[in-house]
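Engineer: need a 3D model of the sequence below.
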Amino acid sequence: MASASKLVQSSPTTRSWLQSLRARLPLLEYSEAKYYAAFKTAAPRRAVAYLNPAQRSVRVFLALDPSGAPDLQQTPSTSSWAALFPSVFRIAGQQDLTRVGQLILMSREALGPSTRKRPEYFAAEELPPEIKYLEGAASHVLVNAYERNRRAREACLRHYGRSCAACGFNFKANYGETTAGYIHVHHVIPIAQVGTEYQLDPIRDLLPVCPNCHAVIHRREPPFSIEEIKHMLRSRGARSSS
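Structural biologist: Next up, the predicted model:
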């Protein structure tokens, strides 16, 4: 049974319908939030259906042609989800569950395979030691005031590109299309040293670096500068060629 903080507009009857659907769709991941439940594919997770329960019915949001299930009551949505989930049907009773289960599977097929690239989670070198984080199944959730600004990271990479600012290494050029775009982002001024009112400049304060150079940068405190890393590389190259 849902907890008090989830599915707050539902009733024992509509919650039982959701549990029945969950049992009919064992290959899909089921989750509940405050106002809705969702069916998702396995990793990489993609939502194939959202279900909004009320006291006497459940609205089902699907990625299907709205005319595809005339046997169910349609309830057109004006929400921003409409572009991805244009079909909204209503479960009015137990008799609708078999058909809705079929439609959820059809919605999964309509969405097709995921084209989303693997998310770029922050590497350990991108996190100052003062940052506290919670271990999760797939990522770290930052919880202090210096949480990374993903938009600033993207602005940095748009400006500088995806090659290492220290050694020039580019993942796509060396490993191929599978790794295209992968790179770390380094804070020139350690983020733990700036105040909460500091306005981050993604061009001045951030630089793309490869994992190897990033690890070396953080081999000491304060970190090595990009110029110091370049000097190390030049010195090694000069010795190798002599």
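
Engineer: so what's residue 10 closest to, chain neighbours aside?
Structural biologist: Distances taken as C-beta to C-beta, 6 or more residues apart in numbering place residue 53 nearest to residue 10, at 3.8 Å, with adjacent residues excluded. (Each C-beta comes from the backbone N, C-alpha and C, glycine too.)

Engineer: could you list everything the one you found pairs with in the sheet?
Structural biologist: As for beta bridges, residue 53 partners with residue 58 under DSSP bridges.

Engineer: neighbours of it, how many?
Structural biologist: By the criterion of other C-beta atoms under 10 Å, residue 53 has 25 neighbours.

Engineer: wait, it touches residue 16, no?
Structural biologist: No - using C-beta atoms under 8 Å as the test, residue 53 is too far from residue 16 to be in contact (10.2 Å).

Engineer: okay, and for the protein, where does confidence drop off?
Structural biologist: Confidence mapping of the chain against pLDDT under 70 gives the ranges 1-5, 43-44, 65-84, 112-150, 190-199, 237-242.

Engineer: what distance do you get for residue 25 to residue 93?
Structural biologist: 19 Å (C-beta to C-beta, to the nearest Å).

Engineer: who's more crowded, these two?
Structural biologist: residue 25 (18 against 11).

Engineer: ok, that one - contacts?
Structural biologist: By C-beta atoms under 8 Å, 6 or more residues apart in numbering, the contact set of residue 25 is 39, 101, 104-105.

Engineer: ramachandran coordinates for residue 89?
Structural biologist: Dihedral angles of residue 89 (phi, psi; degrees, to the nearest 10) stand at phi -120, psi 160.

Engineer: correct me if wrong: it contacts residue 59.
Structural biologist: Yes - using C-beta under 8 Å, residue 89 is in contact with residue 59, at 7.4 Å.
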